Structures are given as C-alpha cells and as structure tokens.
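K.L.:
Below is the sequence, then the predicted model.
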Amino acid sequence: MTASVLESPTAAAAQRDKPPQTAGPPHTDEASLNAHVQRAWEHFRGLGSPKWYVAPMVDQSELPFRMLCRAHGAQAAYTPMLHARIFHDSPQYREEHFSTCEGDRPLFIQFCANDPAIFVASAHMVQEHGDYIDLNLGCPQRIAKRGNYGAFLMDDLHAVQKLVLAAATQLTTPVSCKIRLFPDLQQTIRYAQMLQAAGCSLLAVHGRTREMKDASAHRADWDAIKAVRAAVRIPVLANGDVRCLADAEALMRHTGADGVMSAEPLLMNPALFSIQHPAEVKSTHMLKFQLCQQYLKLAAQHPTHTRMLKGHVHKLLQGWLAEFAELRDKINREAGSMGVHGLQVLMAHLGELIAATGRDHPVPKVCERKARQLEREAAKQAAMQEQEREAAALAAVQSTAAAAAVGTVTAKAAATVSALQAAAAATTNDKVGAPFLQDQQQQPVVQQASQCLAQSQQQQQQLQLDTAAVDVLCKVSGIMLTKDGIVARVAHQVTVLLLQCSRTGGKLLQQLLSVWLQAPLAPPSADYYSLAKPAAVPAAVPAAAT
C-alpha cells in the first residue's frame, strides 16, 4: 500500500526543534570524525551494503519504476528530485510527487534546497519513509541556476555547508549528498571532505563537471571518482557511463566505490542490473515489451501521474512504436484520458500486432507526417544551398564590377569636365546664352566638376576591392559612385540651370547625360524654347563623354 505523507509543516517544525540523538557535526577533531564515519558505515551495512542504485530522475524515478528496477536487480533507489519549498508549502505537490510502499527500501529521498530551515522542515515530513535524506548538489540545468540550487550551489560552499550541517544535526535519518566534479580535482577533494566533516554520511559522485550537461558528448572521469573515494572515509557511490551490468562492475573495480548508480540507461532497460538479462540478448525489444507490461501492472497498483506513464511507455517501446505509428499517435493524443488501464488494453493490442509480424524486432516505418517533414527539410536544405551558390556567384560578379568601376572613375570624371567646358565654350558665341553663362551662379559648375576629378583620383587609392564595396560619393553636380558601379546623376536644380543657358548648351548636356545614364532626361521647361536660335553643336563632345 502506498504510504501517504501525513505530517504537517507545523508538526515537522516541532520535531525539528528536538535535540539530536548524538553529538553532531561539524566534525573538526579526529575523535568526532571517527565516530561519524563509524555511524555512517554501520547504517550503510545495516541496509545490506547495496551496490546497484536507481539514480534520481525528475518525473521518471517514481514508485512504479523504482519497483520495476528493484524486481530486476536494483538494490536501492532514489526518489525524483523534490523541490523543498514547494514540497513544504503544497499538499498537492506532496501527493503527486512522493509515494512509497513497503518494498521500496532502501530509499533515498532527494531534495533540492538553498534554505536550511525549509530543507529540514520538508525532510521532517518524510524522513521516516526513507533511509537517507539526500541533498541534490549536482543538477546542472538552467532551472537549477534560476532557482539557485543543485550544482549551482558549488559557487557558494558556505551555503552548502550550512544546509548539510542543519540536516545532520536536526534530522534522525542520515544525510547524503550527490555532487559533480569541479574542473580542478583538488578543489573537488576539498569539497568532498568538507561535506564529510559537515555531517554527510554517504556521498554520490557524478564523474562530470557542471558544464558537461550532455552525457553523450563527455565521458565520465572515473579517475576523479577514484581520487574522491580515496580522500574520504564515508561510503561513496559512483555515477557516470553505466550502460550495462558490465559497465557497473568495471566502474566499481576502477574506482573502489561502494556502489554504482545509473540514470538514462535504466530508462531504456530497467533490467540493466539483472544478471538474467545480459546486454548481448538479441531479443532486446521483446524484453522491453515485457518490461513495459510489468511497469503498467505496477502503475495500476501504485497510481502515478499520466505524464510519467507516457514517458516510460515511449522509452521502453520506442522501437515498436516507430513501426506501429498509429499506436504511438494514439498514446500521444489519448494517454491522459485512457489512464493506466487504457494503456494496458493498448499494450495487449500491440502484442497481437507484434505476434502477427513473426519477428522479435521492429522494422521502423516513416509515417506520412514524418515523410512530409523530411520532404520539407530536404527542400529547405536545397533552397539554402541554391542561395549560397547564388550569393557566391553574385559576390564574384560584384567584385569584378567594382574593379572595373575603380579603373574608369577617373576617366569618366575627366570626360565630365571636358563636356561641361565644351558646353561653356559653345554657349560663349550664343548672344542669348552669354549673359546666363556670365552669371556668377554658373561658374561653380565647372569648378566643382574639376574638384570631382581630383577627389575621385584621391579616393581611387582608398577603395577596398576585396570587400566589393565601392562607396565613394563625389558631391559635385550629383555625380555618385556606389558599390554596384558608377552612377552619374545631375541634380535637378543644376539641370534646370544649364538648360536655361541656351538651346545649344541644353542639347549638349542632354546628349552627355543620355550617354552616361543610358536613359533620357526629363524634357526642358517651356522657357527653354523661348531662347534665341543656338549655334552649331560641336560633334566631338558626345564622343568625349562616351
């Protein structure tokens, strides 16, 4: 029968004030430390010195799964990590996240906490149901960073010491800790020794640092665990890279640890610690199917949340559900409403489908939804590759155009000066145009064009061709350079002014700009046609502009 948590926060606070039964930590002298170590070993041996442990896993090491693992070789287990403050304040949270039963021992009840009073008060509610109260000092996830608990308490070892001291002095159940490595081994050893002196009775060491969140990308450091085992005198559990029973035995031999735990691999094979199911067995998928059936029977005896049921079913049957995708989709859609009994009916149907195949292994199929997703991804990749090719070709073209632009900027500027000077010379003989050209407003045009030539010659030396960014602005009569090449433009007010000089000058300027821009300009104003009859247009000027 599942045990319920009956103790209220008020009762827990009252019990918290009781004096400890023995002289408590910190164990700063040899005699005190010796007594603490002796009590730690007596308690550990009194539990039968268990070797194989189910590691704490949020929403995954709940009671039915623990009992399944115990039935297949696991000798001790951790509860999922419990948030001390929420556990203390919320009866609903306690009811949903903590349950146990008569056969669920030895049991480590794990909390994450950063407030000693809250940690102790929460532990008081459940300590009689467990064999150790465990402090999580190893969670590396971002939620732990935001909540300032788990491995992020490694940044404040004084706070860690206060948590362990408070629990060791105020609880009747021994305190254990689960830690990760510091990058510096000596710092890790000092950390472990500090925890031992503060009252920790058992230490579990994960052989990775806080930054190594992805276990598949980083091997566990078994040598570091071995060094910690040699540096402390209390029982030590090793954690990291245990994927089968042979790995567990090898880790124990290498480190000299007193026990070994596994987490993710147990989700894939809850019989990992069983000698009756060696890893070499070829019908692994049939074994997992049978384990899933057993899990659902245990879940019927010990009710648990639907999300935990669904998670374990997917982990254990992922091969078969990849072949029978319609069942997978049904679980995803209806697990919440069908409950454990509905899942058992679905499992029976899956067993019939498996028997009909005549195989002991699945042949995964790509469902229609997955096929569409793969098509979209392939099309996306092809489009990205095409864009990259186009961008590379465009960059090459722009680089060539930029080089050509720099080579011709001086010649075009010089042609502009010559054309404007020729236009001025042509209008000198025009009796109507002469007064306009003699006007002081016309003289800066030629001067500015000359300045443009000098400026373009200076800036030509400063252009960075390898960036394909030719960005020179000659602020003279609207002549501009851009990264796409040379663009010549005569500002509107200058155009109108020169068109008013004479019909000869206007036509000359229009021819010049048409050649440069390869586009006709706006027609001249009506005042243009009221001017006197022009002189002949010099034939050499348009050629010079070209």
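P.N.:
Happy to help now that I have it. Residues are numbered from 1 along each chain as shown.

K.L.:
pretty sure V58 is in contact with Y78, am I right?
P.N.:
No - if you go by C-beta atoms under 8 Å, V58 and Y78 don't touch, sitting 10.9 Å apart. Where you see a C-beta, it was placed from the backbone N, CA and C, and this is true even at glycine.

K.L.:
Of the two, which one has the most company?
P.N.:
Y78 (25 against 17; other C-beta atoms under 10 Å).

K.L.:
give the contact list for that one.
P.N.:
53-56, 61, 107-110, 134, 261 (C-beta atoms under 8 Å, 6 or more residues apart in numbering).

K.L.:
Which stretches in this structure count as strands?
P.N.:
Here the chain has its strands, by DSSP state E, at 52-54, 76-78, 82-83, 107-112, 132-137, 175-181, 200-209, 236-239, 259-262, 473-476, 479-482, 485-488.

K.L.:
Any idea how many residues pack against T400?
P.N.:
12.

K.L.:
What is the burial count for the residue lying closest to I234 once chain neighbours are set aside?
P.N.:
Of all residues not flanking I234 in the chain, A40 sits nearest, at 4.5 Å (C-beta to C-beta, 6 or more residues apart in numbering). Applying other C-beta under 10 Å, we find 22 residues neighbouring A40.

K.L.:
so how far is T255 from A40?
P.N.:
As for A40, its distance to T255 is 18 Å (criterion: C-beta to C-beta, to the nearest Å).

K.L.:
next one: phi and psi at V242?
P.N.:
phi -110, psi 100 (degrees, to the nearest 10).

K.L.:
Tell me how far it lies from A123.
P.N.:
28 Å.

K.L.:
One more: A215?
P.N.:
Distance from A215 to A123, by C-beta to C-beta: 29 Å.

K.L.:
Also Q186?
P.N.:
Taking C-beta to C-beta, one finds Q186 at 31 Å from A123.

K.L.:
So for these two, which sits in the more crowded spot?
P.N.:
Higher neighbour count among Q186 and A123: A123, with 29 against 10, using other C-beta under 10 Å.

K.L.:
tell me the contacts of the more buried one?
P.N.:
For A123, the contact set (C-beta under 8 Å, 6+ apart) comprises 84, 109, 111, 133, 167, 171, 173.

K.L.:
got a list of what the residue nearest to the third one when sequence neighbours are not counted touches?
P.N.:
So that's F111. Nearest residue to F111 in three dimensions, chain neighbours excluded: A84, at 4.5 Å (C-beta to C-beta, 6+ apart). Going by C-beta under 8 Å, 6+ apart, A84 touches 111-113, 115, 118-119, 122-123.

K.L.:
distance of A84 from Y149?
P.N.:
A84 is 8 Å from Y149, by C-beta to C-beta.

K.L.:
Need the residues touching each of these two.
P.N.:
Counting by C-beta under 8 Å, 6+ apart, the residues touching both A84 and Y149 are 112-113.

K.L.:
Okay, now the unreliable bits of this protein?
P.N.:
Low-confidence segments of the chain, defined by pLDDT under 70: 1-24, 276-283, 366-371, 401-546.

K.L.:
ok so, going back, can I get the contacts of A84 in CSV including distance to S49?
P.N.:
Converted to CSV, the contacts of A84 look like this (distance: C-beta to C-beta, whole Å):
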residue, distance to S49
F111, 24
C112, 27
A113, 28
D115, 33
I118, 32
F119, 27
S122, 28
A123, 24
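
K.L.:
These in helices, which ones?
P.N.:
Mapping the contacts of A84 onto helices (DSSP state H) picks out 118-119, 122-123.

K.L.:
how close does the residue lying closest to V260 once chain neighbours are set aside sit to H254?
P.N.:
If the residues on either side of it in the chain are set aside, V260 comes closest to A248, at 4.4 Å by C-beta to C-beta, 6+ apart. Look at A248 and H254: by C-beta to C-beta, they are 11 Å apart.

K.L.:
Those two: who's more crowded?
P.N.:
Neighbours around A248 and H254, counted as other C-beta under 10 Å, are more numerous at A248. The numbers are 24 against 14.

K.L.:
List the residues that contact that one.
P.N.:
Contacts of A248 (C-beta under 8 Å, 6+ apart): 51-52, 242, 260, 262, 272-273.

K.L.:
Once you drop chain neighbours, what's closest to G240?
P.N.:
Spatial nearest neighbour of G240, excluding adjacent residues (C-beta to C-beta, 6+ apart): A220 at 2.5 Å.

K.L.:
I should have written Q161 there, sorry.
P.N.:
Nearest to Q161 is A198, by C-beta to C-beta, 6+ apart, at 5.0 Å.

K.L.:
for L298, same thing?
P.N.:
Leaving aside its sequence neighbours, L298 sits nearest to P64 (C-beta to C-beta, 6+ apart; 4.0 Å).

K.L.:
From G336, how far off is that neighbour?
P.N.:
Applying C-beta to C-beta to P64 and G336 gives a distance of 17 Å.

K.L.:
the more surrounded of the two?
P.N.:
Set P64 next to G336 and count neighbours by other C-beta under 10 Å: P64 wins out with 24 against 13.

K.L.:
Who are the contact partners of S122?
P.N.:
Neighbours of S122 in contact, by C-beta under 8 Å, 6+ apart: 12, 82, 84-85, 87-88, 111, 113.

K.L.:
got those as TSV, with distance to Q373 columns?
P.N.:
Converted to TSV, these look like this (distance: C-beta to C-beta, whole Å):
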residue	distance to Q373
A12	51
L82	38
A84	42
R85	41
F87	40
H88	44
F111	41
A113	42
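
K.L.:
what's the spacing between L82 and K330?
P.N.:
32 Å.

K.L.:
Check H88 too.
P.N.:
H88 is 39 Å from K330, by C-beta to C-beta.

K.L.:
wait, what's in contact with L321?
P.N.:
314, 327-328, 331.

K.L.:
no, scratch that, I was asking about E62
P.N.:
Neighbouring residues of E62 by C-beta under 8 Å, 6+ apart: 79-80, 99, 304-305, 308.

K.L.:
between these, which is nearest N34?
P.N.:
T79 (31.2 Å; C-beta to C-beta).

K.L.:
The closest one and M57 touch, don't they?
P.N.:
No - contact status for T79 versus M57: not in contact, 9.6 Å apart, counting by C-beta under 8 Å.

K.L.:
what about the closest residue in space to M286 that isn't next to it in sequence, distance to L68?
P.N.:
Using C-beta to C-beta, 6+ apart and skipping the chain neighbours, the partner closest in space to M286 is D360 (4.9 Å). According to C-beta to C-beta, D360 stands 21 Å off from L68.

K.L.:
which one of those two has more residues nearby?
P.N.:
L68 (24 against 13).

K.L.:
Roughly how far does that one sit from Y295?
P.N.:
Distance from L68 to Y295, by C-beta to C-beta: 5 Å.

K.L.:
Next, show the common contact partners of the two.
P.N.:
Contacts common to L68 and Y295, judged by C-beta under 8 Å, 6+ apart, are P270.
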